[in-house]
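Student: Can you look at this prediction? I've put the sequence above it.
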Amino acid sequence: MLSIAAGVRIYVYTRPADLRRGISGLSGLVREQLNADPLDGSLYVFINRRQDRMKVLHYERGGFWLYYRVLEAGTFESLRPNDGAEAIELDTTQLAMLLAGVSLVGSDRRRKRFALSRTQAA
C-alpha cells in the first residue's frame, strides 16, 4: 500500500508514458519534460497509452522508490488538461481516488476495476 507523508507534492505527467522506462528513464523525463528535479521528494505519476498501468517515482533519503500498478480490468482516468500542460498537481485524496477508479471530474461515478468473485476465491 502506498503511504504518502503530509506535504508531499504529487504530479501526474499528462502524456502517455513509455513504462518500459525504469528509474533513470523516468527521472530523465521529469528533468527534460517537466523541468523539475526528481530528487525534490515529490511523487511523479506516469500512465501508459492504454491507461491500464501506472508507475510512481518517488525519491526519499538514500534512494528512489518505483511503484508499479497494473490493472486486471478497467483503466485509469485520462487526465488531459485543456491548457496543454505537461503535468497537473494532485493532492493525496485525488491520487487515492485515481487509484480507486473514482472519477476526478465532477461525478462520483466509479471506473471499472477487477474484483475477485466469490466463486474464484474458493
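Tutor: Received it, and whenever you're ready, just let me know what you need.
Student: how about the strands of the chain, start to end?
Tutor: 10-13, 43-47, 53-60, 63-70, 87-90 (DSSP state E).
Student: just checking, what packs against the third one?
Tutor: In other words, strand 53-60. Applying 3 or more Cβ pairs under 8 Å, 6 or more residues apart in numbering; DSSP states H and E, we find strand 53-60 packed against helix 23-34, strand 43-47, strand 63-70. Placement of C-beta: from N, CA and C, glycine included.
Student: List the strands paired with that strand, with their directions.
Tutor: strand 43-47 (antiparallel), strand 63-70 (antiparallel) (DSSP bridges).
Student: Next, the contact list for the nearest residue to Ile4 once chain neighbours are set aside, please.
Tutor: Closest residue to Ile4 apart from its sequence neighbours, by Cβ to Cβ, 6 or more residues apart in numbering: Thr92 at 5.0 Å. When contacts are counted by Cβ atoms under 8 Å, 6 or more residues apart in numbering, Thr92 touches Ile4, Val8, Ile10.
Student: Number of residues surrounding Glu77?
Tutor: 16 (other Cβ atoms under 10 Å).
Student: In contact with Phe27, which residues?
Tutor: For the record, residue 27 is Ser, not Phe. Pro38, Leu57, Phe64.
Student: For stretch 13-25, buried residues please.
Tutor: For stretch 13-25, a neighbour-count test (16 or more other Cβ atoms under 10 Å) marks Tyr13, Thr14, Ala17, Leu19, Arg21 as buried.
Student: what is the rounded mean pLDDT of stretch 54-71?
Tutor: The predicted model assigns stretch 54-71 a mean pLDDT of 94.
Student: Also stretch 90-98?
Tutor: Rounded mean pLDDT across stretch 90-98 is 88.
Student: Could you number the chain from 12 rather than 1 from now on?
Tutor: Shifting the count to begin at 12 puts that one at stretch 101-109.
Student: List the buried residues for it?
Tutor: Buried, per 16+ other Cβ under 10 Å, within stretch 101-109: Leu101, Thr103, Gln105, Leu106, Met108, Leu109.
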